[in-house]
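>>> sequence unknown, structure follows:
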């Protein structure tokens, strides 16, 4: 069977659904040929836990002590790659609104 | 809040603190974290809190907290200007100073804590939540495609089951460091011979914890054992008295404890009885236990920065610090050199009648 079309799809362009990942638009395949869909996965980011973030609280005392004492994090930041991008995971608050933040908790 | 800290944005920090109605307990905890120990985090402005505030005001006025020199009243009172300076000092002292350009441009905060548990094992819920710092090697090509910008609010579009977030799995790698539930242990010696044992924690307030003091801990190797498992506390040395119930308030877990009449944890000379060089040190430790885990403290000591700020180094005081630790003193930032010390792993124990000047040689600031 002849070779068909190769589609390269980055996973971040897919849609998350309760039935799994789905493309946002149909992919055209060649009839009567072997088609190939290559799923491109993102480069995964190392995740460092910030301990001590109290439930339902904006109070940072304990987690900040954790930040200060976290040698692994300090070492990571010391070797901060020039193009690195930082993201806090686990407490989304895109609206920067305290009520919204508490609602999340 | 965490973004304000990470980026050293003192104004944003102050806004959140004001909106949240912080008071004396929060200010006590902030003082403690940046090295001015107010004693128990009890919301009461007692003599220890006033002393800590006064130390802070003096240091702020001397410009040694990474801030411009302040003109705070050296009163020991938590007035509005002192609180504002405290917020600024806390943020500066705590921030890793990430440049704004390094933050994710569209989603600096992402993901719900339901899908970012401490452990993938039960319990499910608020006790098993955390906040993590993700460092992307470079900006992801589809960085604005994140599906979970609404946290726990609303319907999650990501596949179930619980704690099995596809987005999380595809984008992040866990560091090997386990999540700690206890850190920054302190023995606070009281004038009546007792002590306040305390440790910072992420356990919510009003949950039950238990402290126990141990002596003759012959296998002490300088490490602080932290574990998040439910296993029973291992025995380290001989238990002194009965366990003491503790309480948790605003991230600080503490209990008041009294030694038996015939023994003192501060008798440093006893720690070295029968000790061979580099091994066999027998300091007292305390343990703290909760259903989420347990940990052992370091031996009782007096922090170098507090010693210096107080201006009254005590004979026979044990000073304990990590090698190379940066200490804030009124003349700048100092590094603790190895001097008359016992090296145990990466820690340094030092016993001396006073603090020699050689300990305080200035180096290039790294803060």
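Nice, thanks for sending it over. Please read these numbers as outputs of a predicted model, since none were measured by experiment.
>>> pull the contacting residues for residue 40.
Since you didn't name a chain, this refers to chain A. Residues in contact with residue A:40 (C-beta atoms under 8 Å, 6 or more residues apart in numbering or on different chains) are A:8-11. The way it works is simple: take the backbone N, C-alpha and C, and place the C-beta from them, glycine included.
>>> switch to chain B, please.
Contacts were defined as C-beta under 8 Å, 6+ apart; by that measure residue B:40 touches B:188, B:196, B:198, B:252, B:254, B:256.
>>> for the fourth one, list each beta-bridge partner.
Meaning residue B:252. Using DSSP bridges, the beta-bridge partners of residue B:252 come out as residue B:200, residue B:249.
>>> neighbours of it, how many?
Other residues near residue B:252 number 26, with proximity taken as other C-beta atoms under 10 Å in any protein chain shown.
>>> got the domain ranges for chain B?
B:2-94, B:182-296, B:304-360 (automatic domain parsing).
>>> next up, phi/psi of residue B:41, please.
The phi and psi values for residue B:41, taken as degrees, to the nearest 10, are phi -80, psi 80.
>>> correct me if wrong: it contacts residue B:25.
Yes - if you go by C-beta atoms under 8 Å, residue B:41 and residue B:25 touch, sitting 5.3 Å apart.
>>> which one of these two has more residues nearby?
More neighbours surround residue B:41 than the other of residue B:41 and residue B:25, with 27 against 21 (other C-beta under 10 Å).
>>> how about the nearest residue to the more buried one, chain neighbours excluded?
Distance criterion C-beta to C-beta, 6 or more residues apart in numbering or on different chains; nearest residue to residue B:41, sequence neighbours excluded, is residue B:252 at 4.3 Å.
>>> model confidence for the one you found, exactly?
The predicted local confidence for residue B:252 comes out at a pLDDT of 77.
>>> wait, isn't it in contact with residue B:30?
No - using C-beta under 8 Å, residue B:252 makes no contact with residue B:30, being 11.0 Å away.
>>> burial measure for the residue of the stretch 201-350 of chain B found nearest chain A, as a count.
Minimum separation of the stretch 201-350 of chain B from chain A (C-beta to the nearest C-beta) falls at residue B:251, amounting to 3.3 Å. Neighbours of residue B:251 under the rule other C-beta under 10 Å: 30.
>>> with residue A:7 instead?
For residue A:7, the neighbour count with other C-beta under 10 Å is 14.
>>> quick check: domain ranges of chain A?
A:3-40, A:61-104.
>>> out of those domains, which gets the lowest mean score?
Mean pLDDT, when computed for each of the domains of chain A, is lowest for domain A:61-104, at a mean of 57.
>>> helices of the chain, residue ranges please.
Because you didn't say which chain, this covers chain A. According to DSSP state H, chain A carries its helices in the segments A:61-69, A:71-78, A:98-104.
>>> ah, no, chain B please
B:2-6, B:10-19, B:24-33, B:47-61, B:80-94, B:166-171, B:268-271, B:304-310.
>>> do you know which of those helices lies nearest residue B:144?
When these are ranked by distance to residue B:144, counting by C-beta to C-beta, first place goes to helix B:166-171 at 13.6 Å.
>>> does any bit of that closest one sit next to chain A?
Yes - on the criterion C-beta under 8 Å from any C-beta of the partner chain, helix B:166-171 is in touch with chain A at B:166-168, B:170-171.
>>> which stretch in the domains of chain B has the least confidence?
Comparing mean pLDDT across the domains of chain B, the weakest is domain B:304-360, with a mean of 38.
>>> list the contacts for residue B:21?
By C-beta under 8 Å, 6+ apart, the contact list for residue B:21 is empty.
>>> what distance do you get for residue B:192 to residue B:142?
The span separating residue B:192 from residue B:142 equals 63 Å under the rule C-beta to C-beta, to the nearest Å.
>>> of the two, who's got more company?
When neighbours are counted by other C-beta under 10 Å, residue B:142 comes out ahead of the other of residue B:192 and residue B:142, with 13 against 8.
>>> who touches the residue nearest to the more buried one when sequence neighbours are not counted in this structure?
The shortest distance from residue B:142 to any residue that is not its chain neighbour, by C-beta to C-beta, 6+ apart, is 3.6 Å, and that residue is residue A:12. Under the criterion of C-beta under 8 Å, 6+ apart, the contact partners of residue A:12 comprise A:42, B:140-142, B:145.
>>> any idea how far residue A:12 lies from residue A:21?
Between residue A:12 and residue A:21 the distance is 10 Å, computed by C-beta to C-beta.
>>> same deal with residue B:11?
Applying C-beta to C-beta, the value for residue B:11 to residue A:21 is 41 Å.
>>> neighbour count for those two, which is higher?
In terms of neighbours (other C-beta under 10 Å), residue A:21 is the more surrounded of residue B:11 and residue A:21; the figures are 15 against 11.
>>> now do the phi/psi pair for the nearest residue to the more buried one once chain neighbours are set aside.
Of all residues beyond its chain neighbours, the one nearest residue A:21 is residue A:14 (4.4 Å), with distances taken as C-beta to C-beta, 6+ apart. For residue A:14, the backbone dihedrals are phi -80, psi 160 (criterion: degrees, to the nearest 10).
>>> residue A:14 against residue A:22, yeah?
Yes - because the distance of 6.4 Å satisfies C-beta under 8 Å, residue A:14 is recorded as touching residue A:22.
>>> and the residues of helix B:166-171 next to chain A as JSON lines, adding pLDDT and neighbour count?
Listed next are those as JSON lines, based on pLDDT from 0 to 100; neighbours: other C-beta atoms under 10 Å in any protein chain shown:
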{"residue": "B:166", "pLDDT": "68", "neighbour count": "17"}
{"residue": "B:167", "pLDDT": "73", "neighbour count": "22"}
{"residue": "B:168", "pLDDT": "76", "neighbour count": "23"}
{"residue": "B:170", "pLDDT": "80", "neighbour count": "14"}
{"residue": "B:171", "pLDDT": "83", "neighbour count": "24"}
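>>> tell me the one of those nearest residue B:131?
Checking these against residue B:131 with C-beta to C-beta, the nearest one is residue B:168 at 13.4 Å.
>>> how close does the closest one sit to residue B:132?
As for residue B:168, its distance to residue B:132 is 10 Å (criterion: C-beta to C-beta).
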